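# Sequence plus the predicted model coming up.
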Amino acid sequence: MPIIFIHGFPFDRQSWRPQLEYFKDKTRTITYDIRGYGASVSGDENLSIRLFADDLIALMDLLQIEKAIVCGLSMGGYIALNAVSRYEERFEKLILCGTQCHSDTDEGKEKRYKTIKLIRNGGFSDWAAGMVKNLFSPMSHERNLDSIGEIQNSVNSASQKVVVKTLEALAERDETCFYLPMIKIPVLIIAGKEDTVIPVSRSEYMHEMIKHSEFHFIEEAGHLVNLEKPEEFNRLVEKFIN
Ligand code: MLT
C-alpha cells in the first residue's frame, strides 16, 4: 500500500527525508510539495486547507493511486483530516503527527493576521528565525543542528506571498473534530512531548474521539517529531502500517 507524507507549514517535501530514506525500499513512498512550496508553483488564487486536500486527491488520481496510507504533520495533518472527512474511501490508514482537529481560536487568528502585517512590513526574516526556534525541543537544539539548519533554509526560501496566503488559509480553516467519531479507518497519532506549537492535549483529544486510534508521544521531541527522533518515529509508523 503506498504511503503519502504531507509536510507542515512553511516547509517542503525535504522535511520528510528520513522517512523517504527509510520507507522507500519497503513500500511505494511519496513525498510532495504542497502548492506554492518547494518546487510546486501557485498563481494568484487564494489558498485554503480544503484546496490543499483537493490537490492531494488530484495527485492520487494523477498517480493512479486508488487508496493510500496518508501521514500528515501539523498543517499536513489538517490537510489529511480534511481529505479523510470528505473522501475516507480513498484512504487505508491515517497517521496524524503534531496536529489537531481544532480550528484557530479568535486569539490564534489575531496572531496570524499580526504575522501577516509583520511580513508585509519587511519582517519576514525575523519571523522566520523566531518560528524555527519554537519548532524543536531543547534537546534537539543541542543535538539536531543539521535538521534545524535544513528547516531554517526551507523556511527562508519559502515565497513570502505564499506564506501570507497560507497564514490566511490557516486562520480561516474549518475544524474537523466533528468527523472524528465517524472515522472508520485505523489512525495512529504521534506527538512530541515537548511540542510548544500544538500541545499534546490536542493529540490526546483526537485519540479520545477516534474509535480505532492509537496514540504515542515521543520524549525529548518538539513539533517536528519526525526529524527530531526519526528512528523512533519510523519504527512506530512501520509497525502501524504493517
Ligand atoms: C505547521 O507546522 O504546519 C504549523 O505550525 C501549523 C499551524 O501553524 O497551525
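Happy to help now that I have it.

# Contact residues of the chain facing the ligand?
8-9, 74-75, 170, 197 (C-beta under 6 Å from any ligand atom). Where C-beta positions appear, they are placed from N, C-alpha and C, glycine not excepted.

# so which pair among those is furthest apart in space?
Pairwise distances across these (C-beta to C-beta) peak at 11.8 Å, for the pair L170 and V197.

# what residue of this structure is the furthest out?
Farthest-out residue of the chain from its mean C-alpha position, per C-alpha atoms, centre = their mean: N121, at 27.3 Å.

# More neighbours: which of L170 and V197?
L170 (21 against 16; other C-beta atoms under 10 Å).

# What sits closest to the more buried one if chain neighbours are left out?
Of all residues not flanking L170 in the chain, R112 sits nearest, at 6.1 Å (C-beta to C-beta, 6 or more residues apart in numbering).

# got it, and I79?
Closest residue to I79 apart from its sequence neighbours, by C-beta to C-beta, 6+ apart: F52 at 4.6 Å.

# shouldn't that neighbour be in contact with R35?
Yes: with contacts counted by C-beta atoms under 8 Å, F52 reaches R35, the gap being 6.4 Å.

# Mind checking which of these two has more residues around it?
F52 (24 against 18).

# Skip ahead from whichever helix or strand that one is part of and say which helix or strand is next.
Per DSSP states H and E: F52 is located in helix 49-62. Next along the chain after helix 49-62, taking DSSP H and E as the criterion, comes strand 68-73.

# which helices and strands does that following strand pack with?
In terms of contacts (3 or more C-beta pairs under 8 Å, 6 or more residues apart in numbering; DSSP states H and E), strand 68-73 is packed against strand 3-6, helix 75-87, strand 91-97.

# Kindly reformat these as TSV containing mean pLDDT, mean neighbour count and distance to N153.
Below are the helices and strands packed on strand 68-73 laid out as TSV (pLDDT from 0 to 100; neighbours: other C-beta atoms under 10 Å; distance: least, C-beta to C-beta, whole Å):
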stretch	mean pLDDT	mean neighbour count	distance to N153
strand 3-6	99	25	19
helix 75-87	98	24	19
strand 91-97	98	24	21
